[in-house]
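*Asks:* Using only what follows, build the 3D model:
(chains A and B)
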Amino acid sequence: MAPKEFCKMISRSKPGPGDGGNTGSWRVLRPVIDLKACIPVKMNKEACFNCWLYCPDSVVSKTIPPVINFEYCKGCGICAEECPAGAITMVNEATPIEEDK
Amino acid sequence: MHIIESGNVAAATGVKLSRAQVIAAYPITPQTPLTEKLSEFVEGGELDAQYIPVESEHSAMGVCIAASTAGTRAFTATSANGLLYMNEQLHWAVGARLPIVMCVANRGIGAPWTVWNDQQDTIAQRDVGWIQIYCNDHQQIIDSVIKAFRLAQSVSIPVMVCYDGYLLSHTYMPFDQPEQSKVDTFLPKFAPTHFLNPDDPANFNTVTLPDVRPGLDGKMAPGYIEIRHNLQEDLRASLDVYEEIDTAFAKDFGRGGNPFVEQYKCEDADFVAVCIGSLSYQLRDVIDIMRDNGVKIGVMGVQMYRPFPNQAIIAALDGKKCAIVFEKALSYGNQGALYADIKSALYNSKDKPLVHNYILGLGGREIKTRHLLDALNESCTAPETFGDSPRWIGLKL
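*Replies:* Okay, here's the model as predicted:
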């Protein structure tokens, strides 16, 4: 008989987007960025990015404008809390998404 | 080389010879001299390890988990309420399959506050999934620590080495200190099955969903129940591995050969006293007196409690008239934990003995030869009438 192999099953996974599942489906409140108030957009500079920095799920991009990946955003509201310009509001997930004009 | 030292120093010496790389511990009576000795070894350059002082036992185990996940040989030690404070991290360490070794100097649990010996602390941790080895003397402490490191890394399961507080931790006894070169041959370098590696990034023990699911790499990842089933299978298989390790140790060092139970005058015995820890050596004197009085009786110490060595228990007790289980702990609201486990093992034996249960020595209450003689005489005189409830020894009501 071959010697038994131990520890064949552990919880180990490849890190990357979506390793925790499609967490966007957990969302009840959705962050909406008012681009007119958003500091990097207003100044057209790589500045502020508190939303990118504080997002616990790394779903906000460090771009102008910042873009939120709703596939994985859980809607925790930390970005809205941290935005120094008050540019992010949490709206009910049932609110229809307004198309960019 | 033989030295005369305390049980705590025997444990510390075993850890030094095993070349532990990370030690994190919080002092608690009666374990304290063990960690003090280890910090001396590290400070004096005798042991090349990181000694990390922490603010609690929960953090001590947290550090060991981190150190072991980084691929190093980690050690800690505690007692009583310190062990209980670690409880959540104990579950984590075993679920994460980290081969940490921990010594526990057994002590009673508050409330009411006590610092003296019984075994409620580790017995209460029996269902966590750690391997539990119990020692009867100082030689077994130092030997078991070395064997525990090899066992832990062979099966990727953490191991507790338990010994009675004060009775072993603080008493002085002569014991042989194995040579470093021989320990190095016996205990190969730690080659972890899994560890944090920047060249191969991985998430460990993130949320596991109820069902299996494919990972980002497309491979099916086991669910929680599969991982826990694997742990149980590996724990049961650890019995064979420990037997092999014990045999290898006996070959290299000339000691051992009783990995699961240690029997004394049991071969022709009708009655067998059963217990865990140093009490089994104390009982040997009592057994000798009983033998002088013509009672065919022996004593068996249970050396490994988890995984439970069911086959060794059956082999030792099948065909006997009565097994008398003495315990310094109990499963409150029911019976002694060892008693219940022994009855459960014997359910599958052909010629079942009667089984009796005595609770004694809680919170360090002195166990006297007279008490043990009275109890054994009571059990041997009318074994059929004992009943299924534990009787208490030495109560002053």
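
*Asks:* use CA for all of it now, contacts and neighbours both
*Replies:* Fine.

*Asks:* sec struct for A:Trp90, please.
*Replies:* Wrong residue type there; residue A:90 is Met, not Trp. Three-state assignment for A:Met90 (DSSP: H, G, I helix; E, B strand; the rest coil): strand.

*Asks:* Double-check it against A:Ile33; I have them as touching.
*Replies:* No: the pair A:Met90 / A:Ile33 is not scored as a contact, 9.0 Å apart, by CA atoms under 8 Å.

*Asks:* ok, and what's touching stretch A:4-13?
*Replies:* Taking contacts as CA atoms under 8 Å, 6 or more residues apart in numbering or on different chains, the residues outside stretch A:4-13 that touch it are A:19, B:96-97, B:154-156, B:193, B:202-206, B:208, B:215-216, B:221-222, B:226-227, B:230-231, B:234.

*Asks:* Chain B - how does it break down into domains?
*Replies:* What automatic domain parsing lists as the domains of chain B is B:2-186, B:261-392.

*Asks:* So for chain A, which of the ones you listed sits nearest?
*Replies:* Comparing the domains of chain B against chain A with CA to the nearest CA, the closest turns out to be domain B:2-186 (5.5 Å).

*Asks:* Which helix or which strand is home to the residue lying closest to B:Leu372 once chain neighbours are set aside?
*Replies:* With CA to CA, 6 or more residues apart in numbering or on different chains as the criterion, B:Leu372 has its nearest non-adjacent residue at 7.0 Å, and that residue is B:Val286. Applying DSSP states H and E as the criterion places B:Val286 in helix B:279-292.

*Asks:* Tell me who's in contact with residue 67.
*Replies:* Looking at chain A here, since you left the chain open. Neighbour list for A:Val67: A:60-61 [criterion: CA under 8 Å, 6+ apart].

*Asks:* Correction: the question concerned chain B.
*Replies:* Going by CA under 8 Å, 6+ apart, B:Ala67 touches B:22, B:73-74.

*Asks:* Roughly how far does it sit from B:Ala93?
*Replies:* 11 Å (CA to CA, to the nearest Å).

*Asks:* Get me the contact residues on chain B for chain A.
*Replies:* Within chain B, the positions adjacent to chain A are B:96-97, B:154-156, B:193, B:201-208, B:215-217, B:221-222, B:226-227, B:230-231, B:234 by CA under 8 Å from any CA of the partner chain.

*Asks:* what residues are up against residue 75?
*Replies:* If you meant another chain, say so; for now it's chain A. Listed by CA under 8 Å, 6+ apart, the contact set of A:Gly75 reads A:24, A:26-31, A:90.

*Asks:* wrong chain, I was asking about chain B
*Replies:* By CA under 8 Å, 6+ apart, the contact list for B:Phe75 reads B:15, B:20-24, B:64, B:100-102.

*Asks:* can I get the CA coordinates of the helix or strand encompassing B:Leu372 in CSV?
*Replies:* Assigned by DSSP H and E, B:Leu372 belongs to helix B:369-381. These are the backbone C-alpha positions of helix B:369-381, laid out as CSV (Å, rounded to 0.1, in the frame of the first residue of the first chain):
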residue,chain,number,x,y,z
THR,B,369,-2.8,6.2,48.7
ARG,B,370,-5.5,5.5,51.2
HIS,B,371,-8.2,7.1,49.0
LEU,B,372,-7.0,5.1,46.0
LEU,B,373,-6.9,1.8,48.0
ASP,B,374,-10.4,2.4,49.3
ALA,B,375,-11.7,3.1,45.8
LEU,B,376,-10.0,0.1,44.3
ASN,B,377,-11.2,-2.2,47.1
GLU,B,378,-14.7,-0.9,46.6
SER,B,379,-14.6,-1.5,42.9
CYS,B,380,-13.0,-5.0,43.2
THR,B,381,-15.3,-6.2,46.0
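
*Asks:* related to what we said a few turns ago, keep only those of the contacts of stretch A:4-13 that are in helices.
*Replies:* Counting by DSSP state H, the contacts of stretch A:4-13 place B:154-155, B:226-227, B:230-231, B:234 in helices.

*Asks:* okay, those residues in TSV with neighbour count, distance to B:Asn334 and pLDDT next?
*Replies:* Below are the ones in helices among the contacts of stretch A:4-13 laid out as TSV (neighbours: other CA atoms under 10 Å in any protein chain shown; distance: CA to CA, whole Å; pLDDT from 0 to 100):
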residue	neighbour count	distance to B:Asn334	pLDDT
B:Ser154	21	36	97
B:Val155	23	33	97
B:Glu226	17	31	96
B:Ile227	20	31	96
B:Asn230	16	30	97
B:Leu231	25	27	98
B:Asp234	21	29	98
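
*Asks:* Worst mean pLDDT across the helices and strands of chain A, which element?
*Replies:* strand A:12-13 (a mean of 89; mean pLDDT, DSSP states H and E).

*Asks:* which residues of chain A fall in helices?
*Replies:* Using DSSP H, the helices of chain A run over A:39-43, A:50-54, A:78-82.
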